[in-house]
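# Generate a structure from the sequence data that follows.
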Amino acid sequence: MAQQEQPAAEPAPETPPKGKKKGGKKKICLIAFLIALAVAGGVGFSMLQPRAAQAATVDPSVLQANGWQQVGGVATTSQEQKASGITVKINTASTSYTRDLTELKSKARTLGVTLPEDTSQLNQVFTFRADRVALPAIADLPMFKSTAVDQLAQVAESQFVDTVRAAGVSDFQFKETQRVTGPSGRTLQGKVFEGTFATTLGSTPLSGSIRGFQAVSSDGPLTVISGVVPGSIKMGARDVSKLVGHDGDKEWTGLLQLAGSV
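Residues are numbered from 1 along each chain as shown. As a prediction, this is how the structure comes out:
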């Protein structure tokens, strides 16, 4: 199981259409950066050939232990741009997960609240996603790798924040860095974000605090890891976290265990 270390302070569901558009533009900027590297470095054509992206998945035992499940299959996307006679393509394989809310819905009924079968609105604040990103081989060259990873991290963080905010989360801001150690001993350094959410499930207004984790792992294939979970849940003005069996700290630990097991 992933072990959470003491964080050191420092200064998502399918992306809604707006988020997709912003993310696409940001990836175009990353591709343009790779093209600039190719032109400046005078690298061979073979170094710019697209590479297939293999799916990054969470350990099934970790999913089961924390009550999460995969949503659909692996989604693959491609983004390309041509400049100076050079075409560069980035391939991405994405796997999405969400929390099983069966128990929460059952306990809500004891409060006299019957939540609808379609809980997609609530599932937006229980999400985890792993994106395996395949950059051209030029990004693996020692002289370029660190810069390419930094560029990818900036794109990924911006897209993550845009997506979460577009899902109805306000004041979603970076708070601190946090390190997670996975079952294999691999260490993952990521960023923690916090905000508040508000949505309506059927006729029931739901709100609460939310925490997010986002990281880019370059130890092996490039992998972008991101997820959010509520810290608290309110129905109307009433905090019902304990009544519906929601433990924000436990959910956060579970999210980090998912991140460490990819």
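# drop to CA atoms for contacts and neighbour counts, all remaining ones
OK.
# pretty sure R99 is touching R129, no?
No. Under the contact definition of C-alpha atoms under 8 Å, R99 does not touch R129, with a separation of 11.9 Å.
# Give me the more crowded residue out of the two.
A direct count of neighbours by other C-alpha atoms under 10 Å for R99 and R129 places R129 higher, at 27 against 22.
# Which secondary structure element is home to the more buried one?
Secondary structure here is read from DSSP states H and E; on that basis R129 sits in strand 127-134.
# all strands for this structure, in order.
Taking DSSP state E as the criterion, the chain contains strands spanning 3-4, 68-83, 86-99, 127-134, 169-181, 187-201, 204-217, 223-230, 234-235, 238-239.
# measure A65 to A166 for me?
A65 sits 30 Å away from A166, taking C-alpha to C-alpha, to the nearest Å as the criterion.
# quick one, which of these two is more surrounded?
A166 (15 against 11).
# mind checking pLDDT for that one?
Predicted confidence (pLDDT) for A166: 90.
# Please apply the same query to the one 3 residues further on.
pLDDT, the model's per-residue confidence, is 93 for V169.
# what does the one 3 residues further on give?
According to the model's per-residue confidence, F172 sits at a pLDDT of 96.
# Please name the nearest non-neighbouring residue to it.
Once its chain neighbours are removed from consideration, F172 has its nearest residue in G195; the separation is 4.1 Å (C-alpha to C-alpha, 6 or more residues apart in numbering).
# shaky segments in this structure?
Segments of the chain classed as low confidence (criterion: pLDDT under 70) are 1-45, 81-86.
# Look up which residues are beta-bridged to the closest residue to L188 other than its chain neighbours.
With C-alpha to C-alpha, 6+ apart as the measure, V180 is the residue that lies nearest to L188, at 5.1 Å, once sequence neighbours are left out. V180 forms beta bridges with Q4, L188, as assigned by DSSP bridges.
# Just grab the bridge partners of the residue nearest to F128 when sequence neighbours are not counted for me.
Leaving aside its sequence neighbours, F128 sits nearest to G227 (C-alpha to C-alpha, 6+ apart; 4.0 Å). Beta-bridge pairing of G227 under DSSP bridges involves F128, F213.
# Could you check how far G227 is from A156?
12 Å.
# Against S218, how distant is A198?
On the measure of C-alpha to C-alpha, A198 and S218 end up 34 Å apart.
# Looking at those two, which is more packed in?
For A198 and S218, the more surrounded residue by other C-alpha under 10 Å is A198, and the numbers stand at 20 against 13.
# I'd guessed the more buried one sits against S207; true?
Yes. Counting by C-alpha under 8 Å, A198 touches S207, with 4.1 Å between them.
# I figured T199 hits P205, correct?
Yes. T199 sits in contact with P205 when judged by C-alpha under 8 Å, with a separation of 6.0 Å.
# Tell me which of these two has more neighbours.
Neighbours per residue (other C-alpha under 10 Å) separate T199 from P205, with T199 holding more: 17 against 13.
# List the residues that contact that one.
With contact taken as C-alpha atoms under 8 Å, 6 or more residues apart in numbering, T199 is in contact with Q121, L122, G168, P205, L206, S207.
# Mind checking which of those are buried?
Buried members of the contacts of T199, counted by 16 or more other C-alpha atoms under 10 Å: Q121, L122, G168, L206, S207.
# Next, format the residues you listed as a markdown table and append distance to T147.
Compiled in a markdown table, those are given as follows (distance: C-alpha to C-alpha, whole Å):
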| residue | distance to T147 |
| --- | --- |
| Q121 | 37 |
| L122 | 37 |
| G168 | 33 |
| L206 | 42 |
| S207 | 39 |
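# list the buried ones in stretch 208-227?
Within stretch 208-227, the residues scored as buried using 16+ other C-alpha under 10 Å are 208-217, 222-227.
# what sits against the residue most central in space within the chain?
Note on the chain: the residue nearest the mean C-alpha position is S226, at 2.0 Å, using C-alpha atoms, centre = their mean. Taking C-alpha under 8 Å, 6+ apart as the definition of contact, the neighbours of S226 are A12, F128, R129, A130, F160, G212, F213, Q214, A215, A259.
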